[in-house]
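J.: Sequence first, predicted coordinates after that:
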Amino acid sequence: MARQAHKVAAPVIPDLAVPEAAREFAFSDADFRNLVQLAREHAGIALSDSKRNLVYTRVSRRLRALGFTAFRQYRDYLAKNSGELESFINAISTNLTKFFRESHHFDHFRSHVVQPFLNGSLRSDGRLRVWSAGCSTGEEPYTIAAVLRHEMPSTSRHDIRILATDIDTDVLAKGARGVYPVSGFDNVPRIYRDYFEPTGERDDSLMAKESIRSLIAFRRLNLMDPWPFRGKFDAIFCRNVMIYFDNPTKTALIDRFIQSIKPGGFLYIGHSESFHGTHAELQLVGRTTYRRKA
């Protein structure tokens, strides 16, 4: 699913147009329609006709890996091997992200969630819960964790957890590892850079320290599936994920988010996303920042 997400900008390989005559694999209209339907059914991803070349380019990698010569073979394989669906969704997902992406969200999070929690003005059961939905390779949850740790150096006195989820198992593995190129830290304010350290293996990479890693749980979750938790969150970050959904899917997902946010809690969405005033329980309180009405 498009992912969602937010951190060291992963290198992006453009999906250049491949003329039909030059294509390595046979790719018919039926192939495209079938894969579009699978993406919608299993991940909620809406792929228009303009994404035909994107689908061809990205899924071709799976054909090469499996030794197929035509998309028809791959479709047959998908129909008989449910485990391949995960690899298919991983292939078509978009995972562009970086640390402190749309930094105004983290300024708001610090002043309206973290600090009120610390001074007791936030209605709380003593726990602080944050969800990074569509966490991609992990830069977003590590940014959240760095902000939290800076505001409360001794988090052992507080019950704080960050749930980081994504449908793509490949990017989740990278997030759990917590190692990123040094070049990706250009947007990280100096006060937060001490939460990352050299890996000891390579000079061009830094690793998230245990002090912030310990706050995060990385889990695979398809946002279209039932959610395996009942507790509510003080804040949910779901940024640049819903741009890949059609309007009915987006509306249904926002309704589910609302029910998973504590009254007075916040939902942060991407800069190119908006709700157009269709959700009565949400109040716009800042740039792409919404508060669930109490």
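T.: Sure thing, it's come through.
J.: Residues in contact with the lowest-mean-pLDDT helix or strand in the chain: which ones?
T.: Counting by mean pLDDT, DSSP states H and E, the chain has its least confident helix or strand at helix 84-92, which shows a mean of 89. Contacts with helix 84-92, where a contact means CB atoms under 8 Å, 6 or more residues apart in numbering, come from 1, 35, 38-39, 42-43, 45, 47, 54-55, 58-59, 61-62, 77-78, 167-171. C-betas here are computed from N, CA, C, even on glycine.
J.: just stretch 55-63 next, same as before
T.: Here stretch 55-63 has contacts from 15-16, 18, 23-25, 27, 32, 35-36, 47, 69-71, 73-74, 84, 87-88, 91-92, using CB under 8 Å, 6+ apart.
J.: same question for that stretch, mean pLDDT?
T.: What stretch 55-63 shows for mean pLDDT is 93.
J.: which residues of the protein score low on pLDDT?
T.: For the chain, applying pLDDT under 70 flags the ranges 1-22, 94, 123-124, 155-156, 202, 275-278.
J.: Can you show me the strands along it?
T.: Taking DSSP state E to define them, one finds strands in the chain at 127-133, 159-166, 179-181, 196-198, 205-208, 216-220, 233-238, 261-269, 282-286, 289-292.
J.: residues of the least confident helix or strand of the chain that come out buried?
T.: Neighbour-count burial for helix 84-92, counted by 16 or more other CB atoms under 10 Å, picks out 84, 86, 87, 88, 89, 90, 91, 92.
J.: Let me know the angle separating it from strand 159-166.
T.: 90 degrees (axes from the mean of the first three to the mean of the last three CA atoms, to 10 degrees).
J.: how long is stretch 121-133 end to end?
T.: End-to-end span of stretch 121-133 (CA to CA, to the nearest Å): 26 Å.
J.: what's in contact with that stretch?
T.: By CB under 8 Å, 6+ apart, the list of residues contacting stretch 121-133 reads 4-6, 113-114, 116-117, 140-141, 144, 148, 158-165, 221, 223, 231-238, 241, 257, 260, 262-264.
J.: Report the buried residues of that stretch.
T.: Buried, per 16+ other CB under 10 Å, within stretch 121-133: 122, 124, 128, 129, 130, 131, 132, 133.
J.: next one: stretch 58-76
T.: Residues 58, 59, 60, 62, 63, 68, 71, 72, 74, 75 are the ones in stretch 58-76 that count as buried (16+ other CB under 10 Å).
J.: between the residues you listed, which is closest to residue 288?
T.: Residue 288 lies nearest to residue 58 out of the buried residues of stretch 58-76, by CB to CB, at 27.7 Å.
J.: State the distance from the closest one to residue 191.
T.: 38 Å (CB to CB, to the nearest Å).
J.: Then residue 205?
T.: For residue 205 relative to residue 191 (CB to CB), the value is 21 Å.
J.: Those two: which is more packed in?
T.: Taking neighbours as other CB atoms under 10 Å, residue 205 and residue 191 compare with residue 205 leading, 17 against 10.
J.: That one contacts residue 181, doesn't it?
T.: Yes. Assessed by CB atoms under 8 Å, residue 205 is found in contact with residue 181 at 5.9 Å.
J.: if we can go back for a sec, the buried residues of stretch 58-76 into a markdown table, with extra columns for distance to residue 211?
T.: Listed next are these as a markdown table, based on distance: CB to CB, whole Å:
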| residue | distance to residue 211 |
| --- | --- |
| 58 | 37 |
| 59 | 40 |
| 60 | 42 |
| 62 | 38 |
| 63 | 43 |
| 68 | 46 |
| 71 | 47 |
| 72 | 51 |
| 74 | 44 |
| 75 | 47 |
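J.: Could you work out the most separated pair of these?
T.: 58 and 72 (17.5 Å).
J.: Can you name the residues in contact with stretch 219-231?
T.: Stretch 219-231 has contacts (CB under 8 Å, 6+ apart) with 1, 42-44, 129, 133-134, 163-167, 169, 172, 241, 249, 253, 256, 260.
J.: what distance separates that stretch from the centre of its chain?
T.: 13 Å (CA atoms, centre = their mean, to the nearest Å).
J.: got it, and stretch 32-47?
T.: Here stretch 32-47 shows a centroid-to-chain-centroid distance of 19 Å under the convention CA atoms, centre = their mean.
J.: Can I get it in PDB, CA atoms only?
T.: The C-alpha trace of stretch 32-47 is given here as PDB (Å, rounded to 0.1, in the frame of the first residue of the first chain):
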ATOM      1  CA  PHE A  32      -3.300  -5.000 -15.500                       C
ATOM      2  CA  ARG A  33      -7.000  -5.100 -14.500                       C
ATOM      3  CA  ASN A  34      -6.400  -8.300 -12.500                       C
ATOM      4  CA  LEU A  35      -3.500  -6.800 -10.500                       C
ATOM      5  CA  VAL A  36      -5.400  -3.500 -10.000                       C
ATOM      6  CA  GLN A  37      -8.300  -5.500  -8.500                       C
ATOM      7  CA  LEU A  38      -6.000  -7.500  -6.200                       C
ATOM      8  CA  ALA A  39      -4.300  -4.200  -5.000                       C
ATOM      9  CA  ARG A  40      -7.700  -2.800  -4.200                       C
ATOM     10  CA  GLU A  41      -9.100  -5.900  -2.500                       C
ATOM     11  CA  HIS A  42      -6.100  -6.700  -0.400                       C
ATOM     12  CA  ALA A  43      -4.600  -3.300   0.400                       C
ATOM     13  CA  GLY A  44      -7.200  -0.600  -0.500                       C
ATOM     14  CA  ILE A  45      -4.800   0.800  -3.100                       C
ATOM     15  CA  ALA A  46      -6.600   2.500  -6.000                       C
ATOM     16  CA  LEU A  47      -4.600   2.300  -9.200                       C
END
